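Undergrad: Fold the following and give me the result.
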Amino acid sequence: MMLCMYTVIGLFGCSVEVFDNISSINQIRTMILKSERSDIKRNTEQFRIVLQEKLESLVHFLSPDEVAHSTSAQIRDALATAELYRLASLLYLQRVVPVAGDEKKRISYLEQAYAAMKEVRVATSPWPVFIFACETRSEEQRIYILDILDRMDKIRNVGNVRVMRSVIENVWIQQDLRELVDATGTIPWWLCIESDLPVPWFA
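TA: Here you go, the predicted structure:
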């Protein structure tokens, strides 16, 4: 697999290319929700192959100027945050266009995500954390996510983090209830959110 190198944009926390891929996944999700065509599954699976290959081969780096004006801790945070966005995008893509064999890769992506979160002094980007939280099943990982949200809230001190926590806890409740009566596997997080519950803009 050929690796593709992209520059991390400090303001965004990852590269423009990752945001483009997230936008493409959102478009596919909208297309699936609105489409009545019988061939939609085949078409979206082809889109998934292209996006997955892009995301799996993507490697981030900082510009020389950014490296020159950053501490080693800041560089580590920036690269780890970019990796969180990349892994969250892959998990999101799996949920939007599911295929056989996803569970094994999902576990691998989550393991990499938790390793990357431990590289960041404080996770300040809500979207990746939200995606990882919605994929998390173990109590240990859920406690870790809640701890991250507490630290994020202290630093950001904005209502969006508290709203996100409420949505995540609701998703966990719905997933746990479903698993009690149905052992066929998990469902997309957006189907676990109550319609009257306000959600973060990125969801």
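Undergrad: what residue is smack in the middle of the protein?
TA: Compute the mean C-alpha point of the chain, and by CA atoms, centre = their mean the closest residue is Ala88, 2.4 Å away.
Undergrad: Isn't that one up against Ile131?
TA: Yes: contact criterion CB atoms under 8 Å: Ala88 and Ile131 qualify, at 4.0 Å. C-betas here are computed from N, CA, C, even on glycine.
Undergrad: Output the contacting helices and strands for the helix ranked longest in the chain.
TA: Scanning the chain for the longest helix, with DSSP state H as the assignment, gives helix 72-96. Packing partners of helix 72-96 (3 or more CB pairs under 8 Å, 6 or more residues apart in numbering; DSSP states H and E): helix 16-34, helix 40-56, strand 58-61, helix 102-117, helix 126-135.
Undergrad: if we go to 6 Å?
TA: When contacts are defined as 3 or more CB pairs under 6 Å, 6 or more residues apart in numbering; DSSP states H and E, helix 72-96 sits against helix 16-34, helix 40-56, helix 102-117, helix 126-135.
Undergrad: The shortest one versus helix 102-117: what angle between them?
TA: Between helix 126-135 and helix 102-117, the angle formed by their directions is 130 degrees, by axes from the mean of the first three to the mean of the last three CA atoms, to 10 degrees.
Undergrad: So which residues make contact with whichever helix or strand comes after helix 126-135?
TA: Sequence order places helix 139-156 as the next helix or strand after helix 126-135, per DSSP states H and E. The list of residues contacting helix 139-156 from outside it, by CB atoms under 6 Å, 6 or more residues apart in numbering, reads Val122, Ala123, Val129, Ala133, Thr136, Val161, Arg165.
Undergrad: go again using 10 Å as the cut-off
TA: For helix 139-156, the external contacting residues (CB atoms under 10 Å, 6 or more residues apart in numbering) are 110, 113-114, 117-118, 120-126, 129-130, 132-136, 138, 158-162, 164-165, 168-169, 172.
Undergrad: how distant is it from the center of its chain?
TA: Here the centre of helix 139-156 is set off from its chain's centre by 15 Å, with CA atoms, centre = their mean, to the nearest Å.
Undergrad: Pull up the gap between Asp150 and Glu36, please.
TA: According to CB to CB, to the nearest Å, Asp150 and Glu36 sit 44 Å apart.
Undergrad: Those two: which has the busier surroundings?
TA: Higher neighbour count among Asp150 and Glu36: Asp150, with 11 against 5, using other CB atoms under 10 Å.
Undergrad: Good, wrapping up.
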